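Q: Have a look at this prediction, sequence included:
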2 protein chains.
Amino acid sequence: MKVSGNQIIERLKDKRLKVTPQRIAVLEALYTLDSHPSVEKIIEYIKKTYPNIAIGTVYKVLDVLVENQLIHRVKTEKDIMRYDGKLENHHHLYCSESDRIEDFIDEDLDDMLNEYFIKKGIAGFEIEEIKLHIKGKFKDMQ
Amino acid sequence: MKVSGNQIIERLKDKRLKVTPQRIAVLEALYTLDSHPSVEKIIEYIKKTYPNIAIGTVYKVLDVLVENQLIHRVKTEKDIMRYDGKLENHHHLYCSESDRIEDFIDEDLDDMLNEYFIKKGIAGFEIEEIKLHIKGKFKDMQ
DNA sequence: TCTTTAATGAGAATTATTCTCTTTTAAATA
DNA sequence: TATTTAAAAGAGAATAATTCTCATTAAAGA
């Protein structure tokens, strides 16, 4: 996920958020780190270039970014929160043994699901977003 | 979800688990409580008939039941764990405003998804289970 | 009934997350 | 550019869900 510094600033400005080094650092971490890092991993990464950042600030920044839909929260069966900087619609592959999460993008699948639910609907419920959570095992033991 | 006391005992025995009053009480709570209760709700319910149960015991029992696949963990974007006693394949409807979760069962949908993934597969990943997480709003404000 | 092994109870410990309050800073305005 | 001000960050205490420890109890097989 390559996102330049200017793009990060643009994204913050688009949401009318103050552009602070801390916010940039958190987004930068999310765009750089492999995938779906925990707060701990995010802090670890940021501290390399910004050793004095306060942990509470990272939590607060993450909250603000989620509220403004610049990132998403992701939860697995383990009990810490993880974050996802990918904005396009995607699903998740998850292996509970390794707690590894990978993104899964499949437009054909999305089309099929949209068509299905437009036709069928769900009584008493207004659908906003459909995400698949696909559990299983990764074949390469990365 | 009507599950009798005998059925509960059978389910524990099938998994070669010792049948203890605490385990029965936790399963009983899960089968009785509306849907997807938190540990707090489970404890609250059990304490009515079993005021001295230890909180740590409830957590441990829940772990054992999850390990043995008698129940499932469910996570939302809020940060406490919730549990689900339903064993049949089902999806979740979720409203983030109210943090309410409802089950969604649709065999046609499951058939369609199974067919799709049997045909297509996912490179490097062995699928074990597919769950939809459908976000939106409940129309009745229950 | 006896024995063994596993489960429970009680409460301390841990730890992710939130909160409070003071200081600092981004950015709008003069 | 300097000033102003509302919002953000820093520091660390507080909270609360969950886990851990270890002594006690109980389930279930012999």
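A: Yep, that arrived.
Q: dump the residue contacts of the nearest residue to A:His72 once chain neighbours are set aside.
A: Nearest non-adjacent residue to A:His72, counting by Cβ to Cβ, 6 or more residues apart in numbering or on different chains: A:Asp84, 4.5 Å away. Any C-beta I mention is one placed from the backbone N, CA and C, and that applies to glycine too. Contacts for A:Asp84 (Cβ atoms under 8 Å, 6 or more residues apart in numbering or on different chains) come out as A:30, A:35-36, A:71-74, A:103.
Q: A:Tyr116 now?
A: A:Tyr116 neighbours (Cβ under 8 Å, 6+ apart): B:109, B:112.
Q: Repeat that for A:Leu113.
A: Contacts of A:Leu113 (Cβ under 8 Å, 6+ apart): A:Ile130.
Q: Ignoring the adjacent residues along the chain, who's closest to A:His133?
A: In space, A:His133 is closest to B:Lys131, 4.7 Å off (Cβ to Cβ, 6+ apart).
Q: Tell me if I'm right that that neighbour and B:Leu93 touch.
A: No - under the criterion of Cβ atoms under 8 Å, B:Lys131 makes no contact with B:Leu93, lying 11.8 Å away.
Q: For chain A, which segments count as helices?
A: A:5-14, A:21-32, A:39-49, A:55-67, A:107-120 (DSSP state H).
Q: nearest to B:Asp99, of the ones you listed?
A: With Cβ to Cβ as the criterion, B:Asp99 lies closest to helix A:55-67 of the helices of chain A, at 14.9 Å.
Q: tell me the domain boundaries of chain A?
A: A:5-84, A:91-135 (automatic domain parsing).
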